[in-house]
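J.: A predicted structure for the sequence below; I have some questions about it.
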Amino acid sequence: MKPIKVAVIGVGNCASSLVQGVAYYRSNNSSQGLIHDRIGGYGAGDVEFVMGVDVDARKVGKDIAEAIFAAPNCTAVFQEDVPASGVKVMMGRILDGVADHMTGMGERGFVVSDAPEATHQSIVAALKSSGAEVMLNFLPVGSEEATEFYMECALEVGVAVVNCMPVFIASRPEWERRFAEKRIPIVGDDIKAQIGATIVHRVLSSLFGARGVDIGRTYQLNTGGNTDFMNMLDRQRLGSKKESKTEAVQAMLAQRLADENIHVGPSDYVPWQKDNKLCFLRLEGYQWGNVPMNLELRLSVEDSPNSAACVMDAIRCCKIALERGEGGALIGPSAYYCKHPPQQFNDDTAGQMVEEYIADTALAAE
């Protein structure tokens, strides 16, 4: 089968894990660690990265295979042998994509390239010449203007989108409508991890409800040492992120909690953690006879590889949507793979919707 051609906006830790993973699965022909081995006939190795965009001087102008290992990336290196792609990372458009404090953090922060910034025309031209079919948005949290800039480019070219970060596009009716009108698929918003803080919190919340335990209060505290956590030191960039993570949990509760009884969101930047994320969960509930109980959980996981399996599935769902001429938000995949989809479903229901979507594609192919 022909590879799925993918453009990457933001060649950070998440992109590094994804690019490494494609090389890994292409050489190992393994299904270990994947949510789905094949979707629409496509495996995890059937992706070709045809365009990369970043604004860091240490990445711009380098082959994607080299740029993914450049500072400030600090995720786990599990596939050292990543073949050169022949595609050099191009300078992007900054807008609000770089927080002010990130340029003053030395090697751990951004070193903004002095290359001329991209324009709408140059990004559109690059997307067209690359033949990209799916565009991944890996911009930092809080990049509202920058995300909308790249969405406009995708709409003009007709490229499908996986919106991996919490600027609301697929879940905002006025944006989703534009994708639907042009028959361009989008999966979004804000990618879930494979086994991460949000999915664990949702599952435990559902478990409490299913077992008749009323949740009174809950929190989710996260720390990490990658550029994502450094970026979020600017609390003004956190509005959509906190909304995305909080609503993902609220949607699973039998009764919505008052704002003062739920706290979900990033807590602090700990440099030496690098790409390791620590999550601390607490749920306080009341069971038989209104007797109180509580559950506390600590999760430690490498943050960026944890999202890659969901992104890989979303890419392949976009590809088969393109093949079928579908546009707009893919409801099942968005609900299963993202924190803030257009429609929330519990994870069992969303998972079944994805299975039916994939099965429908397989039947259509026959």
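T.: Now that the structure is in, tell me what you want to look at. None of the values given here were measured: they were computed from a predicted structure.
J.: what's the helix or strand where Val50 lies packed up against?
T.: Assessed by DSSP states H and E, Val50 sits inside strand 47-54. The helices and strands touching strand 47-54, judged by 3 or more CB pairs under 8 Å, 6 or more residues apart in numbering; DSSP states H and E, are strand 4-9, helix 13-28, helix 64-67, strand 90-91, helix 120-130. Just so you know, the C-beta spots here come from the backbone N, C-alpha and C atoms, and that holds for glycine as well.
J.: Show the average pLDDT along it.
T.: For strand 47-54, mean pLDDT is 98.
J.: got a list of contacts for stretch 248-266?
T.: 192, 198, 201-202, 205-206, 209, 214-224, 229, 232, 238, 241-242, 245-246, 339-340, 344, 346 (CB atoms under 8 Å, 6 or more residues apart in numbering).
J.: Select from those residues every entry located in helices.
T.: If you go by DSSP state H, the contacts of stretch 248-266 have Thr198, His201, Arg202, Ser205, Ser206, Gly209, Phe229, Lys241, Lys242, Lys245, Thr246 in helices.
J.: what inclination does the helix or strand containing Gly265 have with respect to helix 197-210?
T.: Taking DSSP H and E as the definition, Gly265 sits inside strand 262-269. Angle between the axes of strand 262-269 and helix 197-210 is 160 degrees (criterion: axes from the mean of the first three to the mean of the last three CA atoms, to 10 degrees).
J.: could you give the mean pLDDT of the following helix or strand past strand 262-269?
T.: Counting by DSSP H and E, the element after strand 262-269 in chain order, helix or strand, is strand 276-287. Confidence over strand 276-287 (mean pLDDT, whole number) is 98.
J.: Of all pairs in the ones in helices among the contacts of stretch 248-266, which one is the farthest apart?
T.: Spatially, the most separated pair among the ones in helices among the contacts of stretch 248-266 is Gly209 and Phe229, at 30.7 Å (CB to CB).
J.: So between the two, which is more surrounded?
T.: Set Gly209 next to Phe229 and count neighbours by other CB atoms under 10 Å: Phe229 wins out with 23 against 17.
J.: how about the nearest residue to Glu181, chain neighbours excluded?
T.: Gly327 (7.4 Å; CB to CB, 6 or more residues apart in numbering).
J.: And for that neighbour, the neighbour number?
T.: For Gly327, using other CB under 10 Å, the count is 20.
J.: wait, it sits on Arg183?
T.: Yes: assessed by CB atoms under 8 Å, Gly327 is found in contact with Arg183 at 3.3 Å.
J.: which ones are touching Glu296?
T.: Phe280, Leu281, Arg282.
J.: switch the cut-off to 6 Å
T.: By CB atoms under 6 Å, 6 or more residues apart in numbering, the contact list for Glu296 reads Arg282.
J.: Doesn't it belong to a strand?
T.: Yes: according to DSSP: H, G, I helix; E, B strand; the rest coil, the state of Glu296 is that of a strand.
J.: Give me the pLDDT value at it.
T.: We have a pLDDT of 98 for Glu296.
J.: circling back: so which of the helices and strands packed on strand 47-54 gets nearest Ala44?
T.: helix 13-28 (3.8 Å).
J.: which helices and strands does the closest one pack with?
T.: Judged by 3 or more CB pairs under 6 Å, 6 or more residues apart in numbering; DSSP states H and E, helix 13-28 is in contact with helix 305-324.
J.: to the chain's geometric centre, what's the distance from the helix it packs on?
T.: What separates the centre of helix 305-324 from the centre of its chain is 11 Å, taken as CA atoms, centre = their mean, to the nearest Å.
J.: what's it in contact with?
T.: By CB under 6 Å, 6+ apart, helix 305-324 touches 4, 14, 17-18, 21, 34-36, 39-40, 42, 44, 134, 160, 162, 185, 187, 191-194, 196, 330, 333, 337, 361.
J.: Take those and keep only those in strands.
T.: Among those, the ones falling in strands (DSSP state E) are Ile4, Val134, Ala160, Val162, Pro185, Val187.
J.: For the nearest residue to Phe78 once chain neighbours are set aside, report the pLDDT, please.
T.: Closest residue in space to Phe78, ignoring its immediate chain neighbours: Gln20 at 6.0 Å, by CB to CB, 6+ apart. On pLDDT, Gln20 comes in at 98.
J.: re earlier: direction included, what does the strand holding Val50 pair up with?
T.: Using DSSP bridges, strand 47-54 pairs in its sheet with strand 4-9 (parallel), strand 90-91 (parallel).
J.: The residue nearest to Ala57 when sequence neighbours are not counted: neighbour count?
T.: Excluding its sequence neighbours, the residue lying closest to Ala57 (CB to CB, 6+ apart) is Ser113, at 4.1 Å. Ser113 has 19 neighbours, counted by other CB under 10 Å.
J.: Next up, the contacts around Ser113.
T.: By CB under 6 Å, 6+ apart, the contact list for Ser113 reads Val55, Ala57, Val60, Met91.
J.: Please pick the buried ones from the residues you listed.
T.: Val55, Val60, Met91 (16 or more other CB atoms under 10 Å).
J.: And the last one, how far from Glu144?
T.: Read that as Met91. In this structure, Met91 and Glu144 are 20 Å apart, going by CB to CB, to the nearest Å.
J.: Same check on Thr103?
T.: From Thr103 over to Glu144 (counting by CB to CB), the distance is 19 Å.
J.: between those two, which one's more packed in?
T.: Neighbour tally, Thr103 and Glu144, criterion other CB under 10 Å: the higher count belongs to Glu144, 18 against 12.
J.: Val167 is in contact with that one, correct?
T.: Yes: in terms of CB atoms under 6 Å, Glu144 counts as a neighbour of Val167; the distance is 5.3 Å.
J.: Could you check the pLDDT of the residue nearest to Glu181?
T.: We have a pLDDT of 98 for Gly327.
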